[in-house]
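**Student:** mind folding the following:
(2 chains)
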Amino acid sequence: MPNQMTHATILELTVRNHPGTMSHITGLFARRAFNLEAILVVPLPGGENSRILLHMANEPKLEQVERQLVKLHDVLSVRQRTDLAPDIFQQLARTLA
Amino acid sequence: MKTTGANLLRILLERQGIHTLPGIPGGAILPFYDALHGSAIRHVLARHEQGAGFIAQGMARVTGRAAACLATSGPGATNLLTAIADARLDSVPLVAITGQVSQSLIGTDAFQEVDTYGLTLPITKHNFLVRSAAELLDVVPLAFQLAESGRPGPVAIDVPKDVQNATIEIDALPEPGRRQPLAPCPDEPIDALAHLLAHAQRPVLYLGGGVISSDASALARALAHRASAPIVSTLMALGAIPPEDPLFMGMLGMHGTQGTNFLLEEADLVLAIGARFDDRATGKVAEFCPRATIAHIDIDPAEIGKIKTAFLGLVGDAADILRRLLDILPPQTRPAWRARAAELRATYPLQHPPRSEDPLHPVNLCRFLGEQLPADAIITTDVGQHQMWVAQAYPFRQPRTLLTSGGLGTMGFGLPAAIGAALAAPGRRVACVSGDGSILMNIQELATLAEENLPVAVLIFNNTHLGLVRQQQELFYRQRYEASRFASSPDFAAIARGFGVRGERIDPMGDPLEQISAALAGEGPCVIDIPIHTTANVYPMVPPGAANRQMLIAQPEPAHA
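**Tutor:** Numbers count the residues shown, from 1 in each chain, chains lettered A, B, ... in the order given. Next up is the predicted model:
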């Protein structure tokens, strides 16, 4: 795992917070055969939007993933979070264990 | 104003300009059908929901505007799925409206309940499950806006029965949803493209369906002549360039002519316009256009570099980009390259026997139809050998005159799409070229055709086989034919008459072309059953997975008995 971590990317999505948004995002990953390692969703203040962190392998398809995500109507923005340590998901996993 | 959800939905559709609405009623959509009673919307009763979906597609493909279709919950919705997925792959603006069981019953496995939202999710641009009548005010205009904006595509709206029955008080109606303007492509990449075109030695334009969607056909042709760049076309772009244009090389790819595929081997610059490097067009991608720099114009940023890395990508409306490119691009003569293209075209024509010897050879048949039908006639096809013969040999002279299922490759597309085309383009001649396999997949729509009495001619190229399957088994599966021959062949002329449609069977012993001509001259809809050779193959053919240069070509055939 540690070796994979160094080749991982965290994508930050701002999305409309309503039923179906998660299905659209996870459905996209399934349909286009993109790998998704972990997913974290929290509602933003006000409740209209949510923030999603996607942890994915840093594969050549990454740019295509971002472009397809941006096309989803309920996805408002997509950016890479290179400032976040990839092991935040690991830390979270330990908390939940 | 006090009204019901069903009535509000009707009003919103009327305001979108929907005047023809194909569908089939059922329990969960009945409140909406009740609201249609007395409406200006003309409902067209299909005989299978997939037929309704393809009728709407035929309307949308001819007009370029979003068309809608209607089905009930459960099997009504699942029957629509193929038409929705087909619209997605060919970027056709479609709004599919389905009834759903009442919200109190959702999740209880109620009668005719299915998760339409979940089923349509991966095959639409966007989809909605409407949770209140008030939501319709936002959802309906947004659905049409999404279907038509950017790269067009299908949108699904699932409306539970209680939402249709709910009473709602509304003050004002929303503006209809319209195509949203795109951010224009910046100047820099257009300048860079002009530079590339000016400095290329052997440029080629590779046109896809996006050229037709953006009404950029004339601009693409002007660019070809300005830059002296030969044009190759995908299946979806046929009609953009008239076949007599000296720079037009026809269709590329698996069933393209040899000269067309060889030209791409020699090109040093390939400008893709509204094309998506589909595997049927590129063959083995790593060996597609091996000497060329790729420049790519597309409205969908995700298409740039999806399959083949582009040296230069331009995101925007093709018509806008081409217009601005033409403003700055100086003329180029390139006589040697033009001559090379002409030479390749002359050296590698389609191989087929002369008409006098074999009038029912499919290539001859398609050319004959091109002479019989006016330039603005709309041709729909099904999927298989007949589709490829039409693509190779029918002289498409105007955009939106070929309606065909390119991406999904749906057998059964042709007849309902022809009905939709005839509904959307009154006064124009419509012909559906089909096969004896494909036509059976939506033959029930002959009842719809009879009822609407539209000028649609259905021409069945009848070889008593699933011909393209048989061809692949012959060429790639050691002639081990399995499930590709029909032991029982229906009498299609009698079937047509049974539906109340004129039916003719062509007798190859008489003058077959004369008989076809006479059948086409008759009034109203007709089915013309044309026996063709049972084992004729479509050539050239690039074996699946091979590079486009590795085309198989016709072997000299023994004389037919």
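**Student:** now the helices for chain A?
**Tutor:** A:2-5, A:21-31, A:62-71, A:88-96 (DSSP state H).
**Student:** could I get the buried residue list for the third one?
**Tutor:** Within helix A:62-71, the residues that count as buried by 16 or more other CB atoms under 10 Å in any protein chain shown are A:64-69, A:71. Quick note: C-beta positions are derived from backbone N, CA and C, even for glycine.
**Student:** that one packs against which elements?
**Tutor:** On a contact count with 3 or more CB pairs under 8 Å, 6 or more residues apart in numbering or on different chains; DSSP states H and E, helix A:62-71 meets strand A:8-16, helix A:21-31, strand A:75-80.
**Student:** just these: most buried one?
**Tutor:** strand A:8-16 (a mean of 19; mean count of other CB atoms under 10 Å in any protein chain shown).
**Student:** now B:A281: phi and psi?
**Tutor:** When read as degrees, to the nearest 10, the backbone of B:A281 gives phi -90, psi -40.
**Student:** B:A218: neighbour count?
**Tutor:** 14 (other CB atoms under 10 Å in any protein chain shown).
**Student:** tell me which residue in the stretch 151-300 of chain B sits closest to chain A.
**Tutor:** Nearest residue of the stretch 151-300 of chain B to chain A: B:D300, at 7.4 Å (CB to the nearest CB).
**Student:** list the contacts for the nearest residue to A:L36 once chain neighbours are set aside?
**Tutor:** In space, and not counting its chain neighbours, A:L36 is closest to A:F29: 4.7 Å by CB to CB, 6 or more residues apart in numbering or on different chains. Applying CB atoms under 8 Å, 6 or more residues apart in numbering or on different chains to A:F29 gives the contacts A:35-36, A:65.
**Student:** now A:F29: how far from B:A272?
**Tutor:** 27 Å (CB to CB, to the nearest Å).
**Student:** flag every residue of chain A that's near chain B.
**Tutor:** A:19-20, A:23-24, A:27, A:30-31, A:63-64, A:67-68, A:70-74 (CB under 8 Å from any CB of the partner chain).
**Student:** now, the most widely separated pair of the residues you listed?
**Tutor:** For the residues of chain A next to chain B, the maximum inter-member distance is 29.3 Å, found between A:P19 and A:E63 (CB to CB).
**Student:** isn't B:V363 up against B:Q392?
**Tutor:** Yes. Counting by CB atoms under 8 Å, B:Q392 is a contact partner of B:V363 at 6.7 Å.
**Student:** next, show the common contact partners of those two.
**Tutor:** Common neighbours of B:V363 and B:Q392 (CB under 8 Å, 6+ apart) are B:L350.
**Student:** find the nearest non-adjacent residue to the residue in chain A positioned nearest to chain B, please.
**Tutor:** Across chain A, the shortest distance to chain B (CB to the nearest CB) belongs to A:R67, at 3.8 Å. The shortest distance from A:R67 to any non-neighbouring residue, by CB to CB, 6+ apart, is to B:A302 (3.8 Å).
**Student:** need the nearest residue in space to the most centrally placed residue in chain A, chain neighbours excluded.
**Tutor:** Of all residues in chain A, the one closest to the mean position by CA atoms, centre = their mean is A:L54, 1.8 Å from it. Distances taken as CB to CB, 6+ apart put A:L11 closest to A:L54, at 4.4 Å, once the chain neighbours are dropped.
**Student:** run through the residues that contact that neighbour.
**Tutor:** Counted by CB under 8 Å, 6+ apart, A:L11 has contacts A:53-54, A:56, A:65-66, A:69, A:78-81.
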